[in-house]
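K.L.:
Sequence first, then the predicted structure:
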Amino acid sequence: MQQPQGPRHARLIRALGVLVTLVLMTGCDLLFIPQIFPPQMDLVAPSDTLWLRSGRDTLHLEFRIRDEDGDLGRDTMDQTKDLWMLEVRYGSPAFDSTYTEYIIPNLTPKGADKRLDASLKVQVVPLTLRSGLAVDSSQFYVVLRDRAGNFCPVIELPLIYLRP
């Protein structure tokens, strides 16, 4: 049996070798593509409209947070803020929306299983009525970010009414 020889045969063998190498490398790379696990956050409390006394009642919020890779929060020396709350008030008199940022402590579970399912409680200083109103209302929007930069969907809190 005679084997084909020559430059054409060598180029064909090299081209097949390169093709096989590319296929293998691409297949291997697909195995190691990092998964994107954005955090999930749900509002536990309050579950309905609230009435708070202006300047006296503290707003207590509770969230259930879950993250498949557990990369939530920061170490004590890191001052990066990963929880944001936007307060919006409609109508008049006009109100400049307030934007508050919070530092989340490192919540990554110890051990091999990094899945996180936890409760997060936040206290908001007492809100005050806008001048000239007997009753005021406030709406909060909250979002959480993990260390990889993934955001949970924005949560809209129930309407909060303020009274004297």
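P.N.:
Great, that's in hand. Numbering: from 1, shown residues only.
K.L.:
how about low-confidence regions in this protein?
P.N.:
The model of the chain has pLDDT under 70 over residues 1-13, 15-35.
K.L.:
what about the helices in it?
P.N.:
Counting by DSSP state H, the chain has helices at residues 7-31.
K.L.:
so how far is the first residue of stretch 145-163 from its last?
P.N.:
Distance across stretch 145-163, first residue to last, is 33 Å (C-alpha to C-alpha, to the nearest Å).
K.L.:
Going by neighbour count, list what's buried in that stretch.
P.N.:
For stretch 145-163, the neighbour count (16 or more other C-beta atoms under 10 Å) marks 145, 146, 147, 152, 155, 157, 160, 162 as buried. Where C-beta positions appear, they are placed from N, C-alpha and C, glycine not excepted.
K.L.:
Going by distance to residue 110, which of the residues you listed wins?
P.N.:
Taking C-beta to C-beta as the measure, residue 110 sits nearest to residue 147 out of those, at 16.2 Å.
K.L.:
from memory that closest one sits against residue 71, does it?
P.N.:
Yes: here residue 147 reaches residue 71: they are 4.2 Å apart, a contact under C-beta atoms under 8 Å.
K.L.:
give me the number of residues near residue 51?
P.N.:
Under the neighbour criterion other C-beta atoms under 10 Å, residue 51 is assigned a count of 10.
K.L.:
Does it have any beta-bridge partners, and if so which?
P.N.:
Listed by DSSP bridges, the beta-bridge partners for residue 51 are residue 161.
K.L.:
Check residue 136 too.
P.N.:
residue 162.
K.L.:
Dump the buried residues of stretch 145-163 into a markdown table; add distance to residue 96 as well.
P.N.:
Below are these laid out as a markdown table (distance: C-beta to C-beta, whole Å):
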| residue | distance to residue 96 |
| --- | --- |
| 145 | 24 |
| 146 | 29 |
| 147 | 31 |
| 152 | 26 |
| 155 | 22 |
| 157 | 19 |
| 160 | 17 |
| 162 | 16 |
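K.L.:
For residue 37, which non-adjacent residue is spatially closest?
P.N.:
Nearest residue to residue 37 in three dimensions, chain neighbours excluded: residue 68, at 3.8 Å (C-beta to C-beta, 6 or more residues apart in numbering).
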